[in-house]
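Predicted model and sequence follow; I will ask about them next.
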Amino acid sequence: MKCLILAAGYATRLYPLTENFPKPLLKVGDKTILDWLVDDIDTAGAVDEYVVISNHKFACHFENWSKTKTQKITVVDDGTSTNETRLGAVKDIQFAIDKLGLDDDMLVIAGDNVLDFSLTKFMAYAQAKNTSCIMRYYEPETKKLLKSGVVDVDGNDKVLSMTEKSPTPATNWCCPPFYYYTARDAKLVQSGIDSGCGTDAPGSYIAWLCTQTEVHAMEMPGSRYDIGNLESYEAVKAEYKGIDR
């Protein structure tokens, strides 16, 4: 299995902290955000390569970070240098697939999220389902739903529909940026792009994919800490206690 880490954003809401430094490499406690994610995922022993998809501006930072790790880490530079010229998450995924010739099951995650639960639980769920999978959590605030992916599911976790940033969210099930693609479905990313699925938000591909094949949604077994601005970053640094296994 490959783990694709989406890290090509510019985190403009965290300026000046991230003006010349990538958000995933900010420290929370004694580790960077990316260290928390990779070290946790690696405990499952299922991932043989981590692919960090970066923009050109920050690629050197990820290259330097990769040298501190024992895992096999490949940094892919998508060639963009500004927020205005970014490819978008779905095109970044396809860029990495093409550049590295990937043909594997894939765990695809945003590289800037802090979690208090282990992603290995999600990996085990997806492998048991043997389908592409996402996660979901109940979000009571409509304001947050309007800015997120929202999913409707049946009683067996099967995704009935998914939308990204809909003005009329169908449910309160919000989708964090963690996805599992089967190797079969990873081959369909370009088809999704060609069919007109959105490319900025990573969930847009899943919104298209669930109209083509079966996708399941696991209820998130813990909390995700959002670092959206300098104030929330300071709060997470003060509050975060690590991963509960």
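Great, that's in hand.

okay, CA-based contacts and neighbour counts for the rest of this
Noted.

Give me the next element, helix or strand, following the longest helix anywhere in the chain.
Across the chain, the helix with the greatest residue count (assigned by DSSP state H) is helix 89-100. Using DSSP states H and E, the helix or strand that directly follows helix 89-100 along the chain is strand 106-110.

Return the distance of that next one from the chain's centre.
Centroid separation between strand 106-110 and its chain, computed with CA atoms, centre = their mean, to the nearest Å, is 5 Å.

Centre of the chain to the helix or strand that that strand is followed by, how far?
The element immediately downstream of strand 106-110 (helix or strand, assigned by DSSP H and E) is strand 114-115. Centroid separation for strand 114-115 versus its chain: 11 Å, with CA atoms, centre = their mean.

packing partners for strand 114-115?
helix 33-42, strand 224-225 (3 or more CA pairs under 8 Å, 6 or more residues apart in numbering; DSSP states H and E).

Give me the contacts around the first one.
The list of residues contacting helix 33-42 from outside it, by CA atoms under 8 Å, 6 or more residues apart in numbering, reads 24-27, 47, 71, 111-114, 118-120.

what's the angle from that helix to strand 106-110?
Helix 33-42 and strand 106-110 are oriented at 150 degrees to each other (axes from the mean of the first three to the mean of the last three CA atoms, to 10 degrees).

okay, the helix or strand following helix 33-42 in PDB with CA atoms only?
Sequence-wise, the next helix or strand downstream of helix 33-42 (DSSP H and E) is strand 49-54. Once non-C-alpha atoms are left out, strand 49-54 reads as follows in PDB (Å, rounded to 0.1, in the frame of the first residue of the first chain):
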ATOM      1  CA  GLU A  49       6.100   4.000   0.700                       C
ATOM      2  CA  TYR A  50       5.000   7.500   1.700                       C
ATOM      3  CA  VAL A  51       4.600  10.000  -1.100                       C
ATOM      4  CA  VAL A  52       4.500  13.600   0.000                       C
ATOM      5  CA  ILE A  53       3.000  15.800  -2.800                       C
ATOM      6  CA  SER A  54       4.400  19.300  -2.400                       C
END
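
Please name the strands paired to strand 49-54 in the sheet, noting orientation.
According to DSSP bridges, strand 49-54 forms sheet pairs with strand 2-7 (parallel), strand 73-77 (parallel).

Where does the residue of the chain most remote from its centre sit, in terms of helix or strand?
Distance from the centre of the chain peaks at residue 155, with 25.1 Å (CA atoms, centre = their mean). Residue 155 is located outside every helix and strand, with elements delineated by DSSP H and E.

need the helices for the protein, in chain order.
Along the chain, counting by DSSP H, helices occupy 33-42, 59-66, 89-100, 120-129, 142-145, 183-186, 189-194, 203-209, 230-239.

where does this structure have low pLDDT?
Scanning the chain for pLDDT under 70 picks out the ranges 245.

Specify the angle between the longest helix of the chain and strand 106-110 in degrees.
Using the same axes, to 10 degrees, helix 89-100 lies at 130 degrees relative to strand 106-110.

in helix 89-100, what counts as buried?
89-97 (16 or more other CA atoms under 10 Å).

quick one on the thing from earlier: need the contacts of helix 33-42 in CSV with distance to residue 240 and neighbour count, can you?
Below are those laid out as CSV (distance: CA to CA, whole Å; neighbours: other CA atoms under 10 Å):
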residue, distance to residue 240, neighbour count
24, 16, 25
25, 16, 19
26, 14, 17
27, 11, 15
47, 26, 18
71, 25, 15
111, 17, 26
112, 14, 25
113, 12, 19
114, 8, 23
118, 14, 20
119, 17, 24
120, 19, 17
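
Go through these and name the one nearest residue 17.
Closest approach to residue 17 among the contacts of helix 33-42 (CA to CA): residue 26, at 9.0 Å.

residues touching that closest one, list them.
So residue 26 contacts 32-33 (CA under 8 Å, 6+ apart).

ok, now with 10 Å
17-18, 32-35, 112, 233 (CA atoms under 10 Å, 6 or more residues apart in numbering).
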